[in-house]
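J.: Fold the following.
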Amino acid sequence: MNTAPRIVILGAGFAALTTVRELRKRAPKARITLVAPKAEFVYLPSLIWIPSGLRDGDDLILPLGRFLKDHAVEFLYGSVTGLSDGGRTVLTDNGPVENDALIIATGARFIKKLPGIEHALTLCEGVASAEAIRDRVDAMQSGRIALGFGGNPNEPSAMRGGPMFELLFGLDTHLRQQGKRDKIELAFFNAAAEPGKRLGEKAVSGLLGEMAKRRIDTHLGHKPLGFTEKGVDTEGGHLNADLILFMPGLAGPAWAADSGLELSPGGFFKADRFCRVEGADKVFVAGDAGSYPGPDWMPKQAHMADLQALAAAENLLLALDGKPPTARFKVELICIVDTLSAGILVYRDEKRSLLFPSLRLFHWAKRYFERKYLKAFRE
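T.: Numbers count the residues shown, from 1 in each chain. Below you'll find the predicted structure:
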């Protein structure tokens, strides 16, 4: 293009910020606009450490002012409400935004349809939710905490179970450190008889073995039907609980239905292997907002979002030059299931699945990566 292209990125999470870095590196003259409700980044992977007090909310909420200035990015405060003109115009509650190319990186939303869902707290909703869990746990002297996660019936891979395993083991460690574990029971519930199967067969046996070792009760293979003040109702009966921590399944953004773009059965933007939204011109998606071809265990996690963002950015610039896409993202799962004092490392790609036993080294590796990632926003 003879003039600097107008590129709009929706979101302010991992995929969005990785896209900014890659675009600015490859296209220094491009006009980049970031659209999000707040000019801040929340480091979601470390929310698991707030209930134990290892992290405070302020540690994980980082203002983006300097990052945006350093990368010459215009910021528009606004929530997306839809798209028009095939994606060339983004509709927001702060007015329309036109573009020559668009990357959707707004993330997904939780499906909160189970009856009584208001009785459960959801860790990954953000800092406020993680702090509410911390306060509830600190106030408990006895009773039972029930933890579980759900999925999207129309798109089984749209779930986020890893943080719930981490929260489960982290709470066990935390309660032992406080001397309250003998008085507070922990129970894990899931509709699957073998939860965590997307991490690999070895991971399932490893996670269930860790639960048994820690005397964590399990209520598996029974679909949750709803929640009450007294616990969890499932197809296999009632599970008593004084505190319910539940991660619902994921769906695409609420405004996706008003985008005019093709969606997957689960409500995500349907993408090809190059992160192009199918049937759309110069519209790409990266991170949890998309549904991508590949194995059914493809994770919705920060690492995968970064890999997709790199491919989307490269292919977007090729599209602006009238060239076909070439960049494909690697399907890779890297997860350290943290236990607050140690960690279980799970790795999976399309050729292999590995599980490394619980080691203190992996806990510190997770903390090191957090510090390294956030350094770019704190300097």
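J.: Can you show me the helices along the stretch 251-379 of the chain?
T.: For the stretch 251-379 of the chain, the helices defined by DSSP state H, counting those that start in this stretch cover 302-320, 360-378.
J.: In the record's domain split, what are the boundaries for this structure?
T.: Domain segmentation of the chain under automatic domain parsing yields 6-108+252-320, 112-247.
J.: for the ones you listed, which one ends up most surrounded?
T.: domain 6-108+252-320 (a mean of 20; mean count of other CB atoms under 10 Å). The C-beta positions use only the backbone N, C-alpha and C, and glycine is treated the same way.
J.: Backbone dihedrals for the most centrally placed residue in the chain, please?
T.: Residue closest to the mean C-alpha point of the chain, counted by CA atoms, centre = their mean, is Gln301 at 4.9 Å. Torsion angles at Gln301 (phi, psi; degrees, to the nearest 10) stand at phi -150, psi 170.
J.: I'd say it and Leu333 touch.
T.: Yes: applying CB atoms under 8 Å as the test, Gln301 and Leu333 come out as touching, 7.3 Å apart.
J.: Enumerate every residue touching Lys366.
T.: Contacts of Lys366 were listed using CB atoms under 8 Å, 6 or more residues apart in numbering, and they are Pro45, Ile336, Asp338, Gly343.
J.: swap the cut-off to 10 Å and go again
T.: Applying CB atoms under 10 Å, 6 or more residues apart in numbering, one finds that Lys366 lies in contact with Pro45, Ser46, Ile48, Trp49, Glu166, Cys335, Ile336, Val337, Asp338, Gly343, Leu345.
J.: that older thread, go through the domains of the chain and name the closest to Lys375.
T.: domain 6-108+252-320 (10.6 Å; CB to CB).
J.: if you average pLDDT over the closest one, what comes out?
T.: Averaging pLDDT along domain 6-108+252-320 gives 97.
J.: So what's the predicted local confidence for Val204?
T.: pLDDT, Val204: 86.
J.: element containing it?
T.: Taking DSSP states H and E as the definition, Val204 sits inside helix 201-213.
J.: need the next SSE after that helix, C-terminal direction.
T.: Sequence-wise, the next helix or strand downstream of helix 201-213 (DSSP H and E) is strand 217-220.
J.: Turn the helices of the stretch 251-379 of the chain into JSON lines, including distance to Gly231.
T.: JSON lines is the format used below for the helices of the stretch 251-379 of the chain (distance: least, CB to CB, whole Å):
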{"stretch": "helix 302-320", "distance to Gly231": "32"}
{"stretch": "helix 360-378", "distance to Gly231": "31"}
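J.: sorry, back to before: of all the contacts of Lys366, which comes closest to Tyr292?
T.: Nearest member of the contacts of Lys366 to Tyr292, counting by CB to CB, is Cys335, at 18.3 Å.
J.: Isn't that closest one up against Arg160?
T.: No: Cys335 is not in contact with Arg160 according to CB atoms under 10 Å; the separation is 11.0 Å.
J.: Okay, now the unreliable bits of the stretch 101-250 of the chain?
T.: Under the criterion pLDDT under 70, no range of the stretch 101-250 of the chain is flagged.
J.: can you tell which of the helices of the stretch 251-379 of the chain is closest to Asn154?
T.: Between Asn154 and the helices of the stretch 251-379 of the chain, the shortest gap by CB to CB is with helix 302-320, which sits at 20.1 Å.
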